[in-house]
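**Student:** Take this sequence and fold it.
(chains A and B)
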Amino acid sequence: MRQRQLSWREMVRRCDELLDGIAVPDPFDLDEFATAVGGRRGRTIRVASLPNEDEAPLTTMGDGARTVCGLLVRFATEDVIVVEPRNWVHRVHVGLHEIAHLVCEHASTAPVKGALRLLPDLDESMVRAVLGRTRYSEEQEREAEALASLLSARLIGPGSGPRGRAGEGADEVMARLERAIGGATEC
Amino acid sequence: MLTAVYVLRAASGWLLVLSRYRLVQQRGTARLFWVSVLCATVGATVQIFAVYKSVAALLGDSRYASIVILSLALFSALANRMVLMSLMGRTARSAYRDWIAVAVAFGVMVFPVLTAPGAPPPATCVGTCGFMDHTWRSWCHWLPVLAYMAWSFISSCVFCYQYGNRSGRPAVRTGLWLISFGAALALAWVALRVAALAAWHAGLVTPQFVSVDDWAEALIWVASMNLVGIGAVWEPLGDQARAAGEWARALRSLWRLRRLWRALIASQPEVTLVGPPWALRPVRLGLVRCVVEIRDCFREVERSVSSQVVAAIERHIASTDWASRPDADALVTAAVLRWWMSERPAVGVGGCRLPAGNARDIAADATWLEQVARFFAGSKSELIDAAVAAARTEVAA
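**Tutor:** Reported below is the predicted structural model:
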């Protein structure tokens, strides 16, 4: 069934909802963030990298096969995100793209060849869905990429650095005071 | 001249009201604070001679104008106390007691005017000296108001100083200290009013005394109001300044990366999500797209360019004095991109690894890519051309 396309405003709202109540690691760490998101969703989210540089690139199967730089494999009990890029910023963005697929409850796309050889400890028969970050011609890829861009801008974009210890270690009055006269952080 | 000081006082108050309103209008506690500053500012505006005379003429008695000013001061002090109560999580009962205190102060303040309507102000009273005479009525008029205001200022001063010392955020700490110092100056104003009242009662008042008193109280209020206002907006203002700086840096990065982005996207248009990133708003989202799309293109370049090419380029650059420079990686990347643009190898025949950079946020990665863009666009063109030629020769061989 084709899902309704999210508007930009809805994506900003979804970005707010996703981050609301989640302790964003400072400095940002994709693995910790994925664990926090998984904790709130009640399912484990694990981030895995390509085991070594000589691995063949992940590619989709079928006609017009394309490489993917990120992959989400949904199992019955957990979700596994595989990220390929070595550049830290790109790696985080690709990981956030796969998390966006989870948040948007996207359906499985083309099977990805070689995905499961990266996860030898998991049972192939338990795979429920596989999503790879390819091109944005598909609506759900565009949606996940847009949400990932919003998350990247918020979490690792300009101005996302530490703002001091807001309320940390202080009592309730201090926290209220800092909220009252402290500045706001926008998406 | 004194009028100018009064106007300055009112103007700075209005500026603070407007800035505070624009910066933090969504917050409940800040709104109470805004009410406090607004009441004080309106009171300060009424004290400007021309405005005071108009209000006095409108009300029919200069003492009524004085009551308007002091009523606003009372409400300002009340709002200030409610800010503190709200921050300290006190119950509604505490606020109720303050309302009773303000109502009593107001009643006592208007009582002497109601019991002696139409009494002319003393001859020595000039400007906006308000209700002053040598009788018990002047004490009845002033003391409850000044006492309540003093209580409000003492609360603010102690509270802000204590919590300023405990805050872990430097901007909040500085803001709280400024508010505390402003409240201490306001206490000095209260002390000056009590001294003036005592002098009136003792009959020691001369025109010079009145003049000095007017100047001192106006200047103290200007300083106090500005300190409190600036302290309250210190962190939001800092955030605005920081946001403006980040916006300018992001815009500059987008400008510097535009040629590299265009060159790469021309051969891989499918990696774009919404067109040119510099058209996206907010600007930092555009910068994210720009960096991610360039990185996506780099990945395709890695799949098209063999390790042999990169090794040849690295060897050539290593033979120059660029090898030890921190931007050598960016130079290698730019040379590989130039080779890729000229040779257009098929996708999938490569498998090289471009330098990844070690940035830990978008802005830092954009800065690294800016170096690549600078070399790619022509800076050190001879060196890059030589490296590309060396790679071409090696591959051909």
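
**Student:** going forward, measure contacts between C-alpha atoms and count neighbours the same way
**Tutor:** OK.

**Student:** near chain A, anything from the helix or strand harbouring residue B:295?
**Tutor:** Using DSSP states H and E, the element containing residue B:295 is helix B:283-304. Yes - contact of helix B:283-304 with chain A (C-alpha under 8 Å from any C-alpha of the partner chain) involves B:284-285, B:288-289, B:292, B:295, B:299.

**Student:** same question for that helix, mean pLDDT?
**Tutor:** Helix B:283-304 shows a mean pLDDT of 91.

**Student:** May I have the following helix or strand past that helix as CSV, with CA atoms only?
**Tutor:** For helix B:283-304, the following helix or strand on the C-terminal side (DSSP H and E) is helix B:307-318. Output in CSV follows, covering the C-alpha atoms of helix B:307-318 (Å, rounded to 0.1, in the frame of the first residue of the first chain):
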residue,chain,number,x,y,z
SER,B,307,43.7,2.8,-6.1
GLN,B,308,46.6,3.0,-8.6
VAL,B,309,45.5,6.5,-9.7
VAL,B,310,45.2,7.7,-6.1
ALA,B,311,48.6,6.2,-5.2
ALA,B,312,50.2,7.9,-8.3
ILE,B,313,48.8,11.3,-7.3
GLU,B,314,49.8,10.8,-3.7
ARG,B,315,53.4,9.9,-4.7
HIS,B,316,53.6,13.0,-6.9
ILE,B,317,52.4,15.3,-4.2
ALA,B,318,54.7,13.6,-1.7
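
**Student:** which residues are contacting helix B:307-318?
**Tutor:** Here helix B:307-318 makes contact (C-alpha atoms under 8 Å, 6 or more residues apart in numbering or on different chains) with B:323, B:328, B:332, B:335-336, B:350-354, B:383, B:386-388, B:390-392, B:394-395.

**Student:** how deep is the residue nearest to residue B:371 when sequence neighbours are not counted tucked in, by neighbour count?
**Tutor:** Among residues not flanking residue B:371 along the chain, residue B:330 sits closest, at 5.9 Å (C-alpha to C-alpha, 6 or more residues apart in numbering or on different chains). Counted with other C-alpha atoms under 10 Å in any protein chain shown, residues neighbouring residue B:330 total 23.

**Student:** Residue B:330 is in contact with residue B:367, isn't it?
**Tutor:** No - under the criterion of C-alpha atoms under 8 Å, residue B:330 is not in contact with residue B:367, lying 10.5 Å apart.

**Student:** Check which helix or strand the residue in chain B positioned nearest to chain A maps to.
**Tutor:** Nearest residue of chain B to chain A: residue B:236, at 4.2 Å (C-alpha to the nearest C-alpha). Element membership for residue B:236 (DSSP H and E) is helix B:207-267.

**Student:** elements contacting that helix?
**Tutor:** helix A:172-181, helix B:2-24, helix B:170-201, helix B:283-304, helix B:362-376 (3 or more C-alpha pairs under 8 Å, 6 or more residues apart in numbering or on different chains; DSSP states H and E).

**Student:** which one of these lies closest to residue A:138?
**Tutor:** helix B:283-304 (17.0 Å; C-alpha to C-alpha).

**Student:** That closest one packs against which elements?
**Tutor:** Checking 3+ C-alpha pairs under 8 Å, 6+ apart, helix B:283-304 ends up next to helix A:88-103, helix A:139-155, helix B:207-267, helix B:328-343, helix B:362-376.

**Student:** now the last one and helix A:139-155, what's the angle there?
**Tutor:** Interaxial angle of helix B:362-376 relative to helix A:139-155 (axes from the mean of the first three to the mean of the last three C-alpha atoms, to 10 degrees): 100 degrees.

**Student:** same question, the first one
**Tutor:** An angle of 130 degrees separates the directions of helix A:88-103 and helix A:139-155 when computed by the same axes, to 10 degrees.

**Student:** again, but for the longest one
**Tutor:** Going by the same axes, to 10 degrees, helix B:207-267 is angled at 140 degrees with respect to helix A:139-155.

**Student:** hang on, the earlier thing: buried members of the residues of helix B:283-304 next to chain A into PyMOL, please.
**Tutor:** Selection of the buried residues among these in PyMOL, burial being defined by 16 or more other C-alpha atoms under 10 Å in any protein chain shown:
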select buried, chain B and resi 284+285+288+289+292+295+299
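
**Student:** closest to residue A:98 among the residues of helix B:283-304 next to chain A?
**Tutor:** Taking C-alpha to C-alpha as the measure, residue A:98 lies nearest residue B:292 of the residues of helix B:283-304 next to chain A, at 14.7 Å.

**Student:** my read: the closest one touches residue A:90, true?
**Tutor:** Yes - the pair residue B:292 / residue A:90 is scored as a contact, 6.3 Å apart, by C-alpha under 8 Å.

**Student:** Spell out the secondary structure type for residue A:46.
**Tutor:** strand (DSSP: H, G, I helix; E, B strand; the rest coil).

**Student:** What count of nearby residues applies to it?
**Tutor:** Residues lying near residue A:46 (other C-alpha under 10 Å) number 18.

**Student:** how about it, what does it touch?
**Tutor:** A:31, A:34-35, A:78-81.

**Student:** farthest pair in those?
**Tutor:** A:31 and A:78 (14.2 Å).

**Student:** tell me the centre residue of chain B?
**Tutor:** Centroid-nearest residue in chain B: residue B:237, 0.7 Å away (criterion: C-alpha atoms, centre = their mean).

**Student:** ok, now which ones touch residue B:140?
**Tutor:** Contact analysis of residue B:140 by C-alpha under 8 Å, 6+ apart lists B:108-109, B:111-112.

**Student:** got the contact list for stretch A:9-21?
**Tutor:** A:37, A:103, A:146-147, A:150-151, A:187.

**Student:** redo that, cut-off 10 Å
**Tutor:** A:6-8, A:33, A:36-37, A:40, A:100, A:103-104, A:143-144, A:146-151, A:154-155, A:186-187 (C-alpha atoms under 10 Å, 6 or more residues apart in numbering or on different chains).

**Student:** so what sits against both of residue B:292 and residue A:90?
**Tutor:** A:152, B:362, B:365.
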